[in-house]
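Q: next come a sequence and a model predicted from it.
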Amino acid sequence: MANKFSRRKFLYLSAGAASLAGIGYVTRDHWLSMVTPKGTPTAASTPMPTMSPSPSPSDPVISEYGTRLPSEIIYRLRLLSADGPIDENERVLMEFLCDIEARRESFRSYGFEATDSEQYLIDVAADGDRVSDESGKAIQYMRKHLDKCPVELGFIGNSLARTNFDSLKELVSRDDISKVKPDLVFEISRTRDLKNKELTETVFNLYSSHQNAFDDLLAEGKAEGRRQCTALEALAWILLERGKAETEILLKLPRPRMLLVSQAWKKTNISKNYKSERWKDFDEVTDRLTTPQYVERYMQDNNFTYSYTPGELVLTKTAEEIFQYKTGACYDHALFAAYCLKKNGYDAKGMWVRFKMKLGYFSGHVVCIYQDPKDLLYYTIDSHYSNRICGPFMTIREAAEYSCRNQGLQIYSFLDVDLRTGKYVTRFFP
């Protein structure tokens, strides 16, 4: 009886609903809700999609920044103006975003996308719909030094995480911040082992007495592209274990950078001669290998060995696999070295050379080749010489001829490295 009654009621009310269809969607939904058995899905029960209101040209973000920033950035910034006019801290953020946008090509030349960096900056600097005074002060500091401090480009592109930005906020609030090089401020902000305030205070004190030594530490690699300042990390490891007095002895030596790194990697409990957890993670280790000298030292100290089986598939391993097993053919060693250097801003790649005369069953060889950013000369890292740095060479051809080991150079070509996959882009020898 209940089913029969429901069916009659449904037909009756459906007919009524049909006759009133012109009233509109609201009336239709009302009638159908009366006649539809509970729990039965219908088209009417599916909510209609809602459209976001179109931005008004009078919106202060749109009117002031609509032509200077990408649309996706503008969309996110509109939250900041939702509570009224743009305040001073919000304006500082928006102007700095425009500064980054104006340097889009500079960012791209080091493998960064300006829009990604702008998104990161909004994430760390805007707390919901506001920018705090502390964040505004940190951004103002970044704006002041953007064209003067190459480290900052790498900081924004590689390291703009919330913890690093929070560290930067604390540092720029110091009364003595103007006495410290901006390069050092940015590097302290992104150094994992310098988040401790007491340790940071010690570094500031050391800097005031050993500025030349710190200049040497900060001069490592390519400041614009590197993931961190490894020499500063090494300083932190030694400070944590040996204290200020012994660290100061090392800083007094001429050009202390390589000595600090060697001591930290081989003779601290934090490292345990490469056996600690700080050497287990591929990304952490390759971030740390910011210079050819560090790559050379790491590969030699960890006994990267040569292994090749005639007929094996070539150019198939990833840099991470080579890191894990620490063995492979010449092209594998070259891949790992080139990956580390390219990740840290160098123009580095594999270079394949074909011999005029075969060397046993070998008709060629692969090395890592890079151009030094300071002297603009070419160097190789060659597994034949236990991954030693070879050079300098005036030209690429000179480097290629040297890599042939007196077998004569027939031709050479390059093997580019894809940082996303950790493999060579080219999967065969030309």
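A: Thanks, I have the structure now. Numbering: from 1, shown residues only.
Q: so what pLDDT did Phe429 get?
A: pLDDT recorded at Phe429 is 65.
Q: ok, Ser54 next?
A: At Ser54 the predicted local confidence, pLDDT, stands at 49.
Q: ok, Glu312 next?
A: 84.
Q: can you tell me the helix or strand for it?
A: Take DSSP states H and E as the rule and Glu312 turns out to sit in neither a helix nor a strand.
Q: contacting residues for it?
A: Neighbouring residues of Glu312 by C-beta atoms under 8 Å, 6 or more residues apart in numbering: Ala329. Where C-beta positions appear, they are placed from N, C-alpha and C, glycine not excepted.
Q: tell me how far it lies from Ser363.
A: When distance is defined by C-beta to C-beta, to the nearest Å, Glu312 is 15 Å away from Ser363.
Q: equivalent analysis for Leu335, please.
A: Plainly put, Leu335 is 19 Å away from Ser363 if you go by C-beta to C-beta.
Q: who's more crowded, those two?
A: A direct count of neighbours by other C-beta atoms under 10 Å for Leu335 and Ser363 places Leu335 higher, at 27 against 15.
Q: which non-adjacent residue is nearest that one?
A: Using C-beta to C-beta, 6 or more residues apart in numbering and skipping residues adjacent in sequence, the residue nearest Leu335 is Ala319, 5.6 Å away.
Q: isn't that neighbour right next to Ala334, touching?
A: No. With contact defined as C-beta atoms under 8 Å, Ala319 does not count as touching Ala334 (10.4 Å).
Q: who has more neighbours, those two?
A: When Ala319 and Ala334 are compared on other C-beta under 10 Å, the one with more neighbours turns out to be Ala334, at 30 against 25.
Q: residues contacting Lys280?
A: Lys280 sits next to no residue when contact means C-beta under 8 Å, 6+ apart.
Q: just the CA atoms of whichever strand in the chain runs longest, as CSV, please.
A: Longest strand in the chain by number of residues, with DSSP state E as the criterion: strand 348-359. Once side chains and other backbone atoms are set aside, the C-alpha atoms of strand 348-359 remain, and they are given as CSV (Å, rounded to 0.1, in the frame of the first residue of the first chain):
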residue,chain,number,x,y,z
ALA,A,348,78.3,20.9,-15.9
LYS,A,349,77.6,17.8,-18.1
GLY,A,350,79.0,14.6,-19.3
MET,A,351,81.5,14.7,-22.2
TRP,A,352,82.0,11.6,-24.4
VAL,A,353,85.2,11.3,-26.4
ARG,A,354,85.9,8.7,-29.1
PHE,A,355,89.5,7.5,-29.5
LYS,A,356,91.3,7.3,-32.8
MET,A,357,93.0,4.1,-31.6
LYS,A,358,91.1,1.6,-29.4
LEU,A,359,92.4,1.1,-25.8
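Q: contacts for it, please.
A: The set of residues external to strand 348-359 that reach it, using C-beta under 8 Å, 6+ apart, is 331, 334-335, 337-338, 341-342, 362-370, 380, 396, 399-400, 403-405, 407-417, 424, 429-430.
Q: just the buried ones from the residues you listed, in PyMOL syntax?
A: The PyMOL command for the buried members of these (criterion: 16 or more other C-beta atoms under 10 Å) is given here:
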select buried, resi 331+334+335+337+338+341+342+364+365+366+367+368+369+370+380+399+400+403+404+407+409+412+414+415+417+424
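Q: mind listing residues that contact stretch 374-392?
A: Residues outside stretch 374-392 that contact it (C-beta under 8 Å, 6+ apart) are 292-293, 295-296, 299-300, 304, 306, 330, 333-334, 337, 351, 365, 367-372, 393-396, 398-399, 402-403, 405.
Q: with stretch 73-85 instead?
A: With C-beta under 8 Å, 6+ apart as the test, stretch 73-85 has contacts from 55, 59-62, 65-66, 69, 86, 90, 93-94, 97, 115, 118-119, 122, 126, 128-131.
Q: pass me the low-pLDDT residue ranges in this structure, would you?
A: Applying pLDDT under 70 to the chain flags residues 1-58, 360-361, 427-430.
Q: do a quick rundown of the strands in it.
A: Using DSSP E, the strands assigned to the chain run over residues 126-127, 130-131, 305-306, 327-328, 348-359, 362-371, 378-382, 388-393, 409-415, 417-418, 423-424.
Q: I'd like those as TSV, with distance to Cys149 appended.
A: What follows is those, written out as TSV (distance: least, C-beta to C-beta, whole Å):
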stretch	distance to Cys149
strand 126-127	23
strand 130-131	22
strand 305-306	41
strand 327-328	39
strand 348-359	24
strand 362-371	23
strand 378-382	27
strand 388-393	28
strand 409-415	32
strand 417-418	28
strand 423-424	34
